[in-house]
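*Asks:* What shape does this take:
(one chain, ligands or ions: 2)
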Amino acid sequence: MAEDQNTTRPAQLEYDADDEYRPEPPPKPEIPKWQDGSTRIGIHTSIAGDISGALEIAHGLGANALQIFSSSPRMWTRGADSSRIAAADAARFRERRRELGLGPLVIHDNYLINLASPDRVLRARSVQAFHGEIIRALGLGADFLVAHPGSACGMEMSTAIAAVADGLRQAARGLRLEGLRILLENTAGQGTCIGSRFDELKTILDACRDLPMGICIDTAHLFASGHDVRSASALEETLKKIDATVGLANVYVVHVNDSKTPHGSRVDRHEHIGKGKIGLEAIGGILNHPLLAGRAFILETPIDKPGDDRRNVATLWKLMGLPAPAGLGRKSWHKVRQLRRAKKRAVARKAAARAKARQSKRRGK
Ligand SMILES: [Zn+2]
Ligand SMILES: [Zn+2]
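*Replies:* Ligands and ions are numbered 1, 2, ... in the order given. The predicted structure follows:
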């Protein structure tokens, strides 16, 4: 190609300053609307029925960011292809997300994945499943992929931590993670879970320097694992500890959840904002802390009653002293409910079709 350019270039007869080659300024990479520096509040939204529907729901709830699972979170995907998102669906999703200015898009990994599993089959399956997570995240144009580090299951903690780092690197092998960053989430410390201590997460980060990595702090996990945030001084202390280990600059996302369980309980139970043991004031302190400015705040609160999600989103905006975006209103709430009903019908239809297929297969035997 380069040789052709030389041979076809016309001979230059006379020097004219106007002819001088001025390189075109390189095209500015299009900066997504969500990176405008504005506050980002999101919520975990279901993809059941139709993946693009999650965008409409998050927008309708008054969020301007969102988190999703990219496949069923409690099922192993069978084979690499069964978990792929059709190119047309992914394109539609990306386009609609751009239109709505939603971001960042955070994907949470499957709950079954345990990169530290001492069981060889489970570990291989986990690496394969996490590989699938990365592929789907890239397909959807996600910004972050949040991963639970895993469970040591009786293994020495240091061995388990090394296995997680090794598993992450194996899962990412051969893939270019352009624009996608893998975030390790701190855990409540239930059972033999890795990652309730920030130095454990730091060890994994250090072992994965060749990958774009970072941290997602979950406030409920933070609290349950024994880090206090209830007073200004306790929060200061906790943030200092995080900064001294993983570094606050490596924190990109905060999962904002109140905790049903008490401080240091090591039990992971999320509660509505202001209804749990952390409390409204302390959550407000986290959201408004200057050291956490610019992070995406994503809710993973339960939906016990219709409207809980909308109320939790509204509470975060209020705690930040900001007006909720235009999405949040009676009309959009009506639309969210309509969408939910349509999704439920789609899921029921799919289940019925599967049952029918199973039945006819059985009859055919
Ligand atoms: Zn979380
Ligand atoms: Zn949790």
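
*Asks:* all contacts plus neighbour counts: C-alpha atoms, from now on.
*Replies:* Fine.

*Asks:* So which residues of the chain form strands?
*Replies:* 40-44, 65-69, 105-108, 144-147, 181-185, 213-218, 251-256, 258-259, 270-271, 296-299 (DSSP state E).

*Asks:* Just confirm Val146 contacts Asn110, I think it does.
*Replies:* No. The criterion here is CA atoms under 8 Å, and Val146 misses it with Asn110 at 9.7 Å.

*Asks:* for the strands of the chain, which one sits closest to Arg362?
*Replies:* Nearest of the strands of the chain to Arg362, taken as CA to CA: strand 65-69 at 32.2 Å.

*Asks:* Rebuild the strands of the chain as TSV, extending it with mean neighbour count, distance to Asp308 and mean pLDDT.
*Replies:* Below are those laid out as TSV (neighbours: other CA atoms under 10 Å; distance: least, CA to CA, whole Å; pLDDT from 0 to 100):
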stretch	mean neighbour count	distance to Asp308	mean pLDDT
strand 40-44	26	11	98
strand 65-69	25	16	98
strand 105-108	26	21	98
strand 144-147	25	24	98
strand 181-185	24	24	98
strand 213-218	24	19	98
strand 251-256	23	14	98
strand 258-259	28	13	98
strand 270-271	22	11	98
strand 296-299	28	11	98
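
*Asks:* Same list, the ones you listed, but as TSV with distance to Gly154 please.
*Replies:* Shown next, in TSV, are those (distance: least, CA to CA, whole Å):
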stretch	distance to Gly154
strand 40-44	32
strand 65-69	28
strand 105-108	25
strand 144-147	21
strand 181-185	21
strand 213-218	25
strand 251-256	28
strand 258-259	27
strand 270-271	26
strand 296-299	32
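
*Asks:* Tell me which of the ones you listed lies nearest to Glu95.
*Replies:* Of these, nearest to Glu95 by CA to CA is strand 105-108, at 13.0 Å.

*Asks:* Which other helices and strands does that closest one contact?
*Replies:* Where contact means 3 or more CA pairs under 8 Å, 6 or more residues apart in numbering; DSSP states H and E, strand 105-108 is packed against strand 65-69, strand 144-147.

*Asks:* out of the ones you listed, which comes closest to Gly294?
*Replies:* strand 65-69 (12.6 Å).

*Asks:* angle of the closest one against strand 251-256?
*Replies:* Counting by axes from the mean of the first three to the mean of the last three CA atoms, to 10 degrees, strand 65-69 points 80 degrees away from the direction of strand 251-256.

*Asks:* Give me the sheet partners of strand 65-69 and which way each runs.
*Replies:* Strand pairing for strand 65-69, determined by DSSP bridges: strand 40-44 (parallel), strand 105-108 (parallel).

*Asks:* That one: how far from the chain's middle?
*Replies:* Its chain's C-alpha centre and that of strand 65-69 lie 6 Å apart, by CA atoms, centre = their mean, to the nearest Å.

*Asks:* So what touches that strand?
*Replies:* Under the contact criterion CA atoms under 8 Å, 6 or more residues apart in numbering, strand 65-69 has outside partners 40-47, 54-55, 58, 102-110, 296, 298.

*Asks:* Go again with 6 Å.
*Replies:* Strand 65-69 has contacts (CA atoms under 6 Å, 6 or more residues apart in numbering) with 40-45, 102-108.

*Asks:* And for stretch 272-286?
*Replies:* Contacts for stretch 272-286 (CA under 6 Å, 6+ apart): 230, 258-260, 262, 301, 319.

*Asks:* what's the answer for stretch 320-340, then?
*Replies:* Under CA under 6 Å, 6+ apart, the answer for stretch 320-340 is 57, 59-62, 317.

*Asks:* For the helices and strands packed on strand 105-108, give me a markdown table that also has distance to Ala324.
*Replies:* Converted to a markdown table, those look like this (distance: least, CA to CA, whole Å):
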| stretch | distance to Ala324 |
| --- | --- |
| strand 65-69 | 13 |
| strand 144-147 | 24 |
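
*Asks:* Quick one: closest of the ones you listed to Cys208.
*Replies:* Closest to Cys208 of the helices and strands packed on strand 105-108, according to CA to CA: strand 144-147, at 13.7 Å.

*Asks:* Run the chain-centre distance for the closest one.
*Replies:* 5 Å.

*Asks:* before we move on, back to that, kindly present the strands paired with strand 65-69 as a markdown table, with separate columns for distance to Leu280.
*Replies:* Shown next, in a markdown table, are these (distance: least, CA to CA, whole Å):
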| stretch | distance to Leu280 |
| --- | --- |
| strand 40-44 | 16 |
| strand 105-108 | 24 |
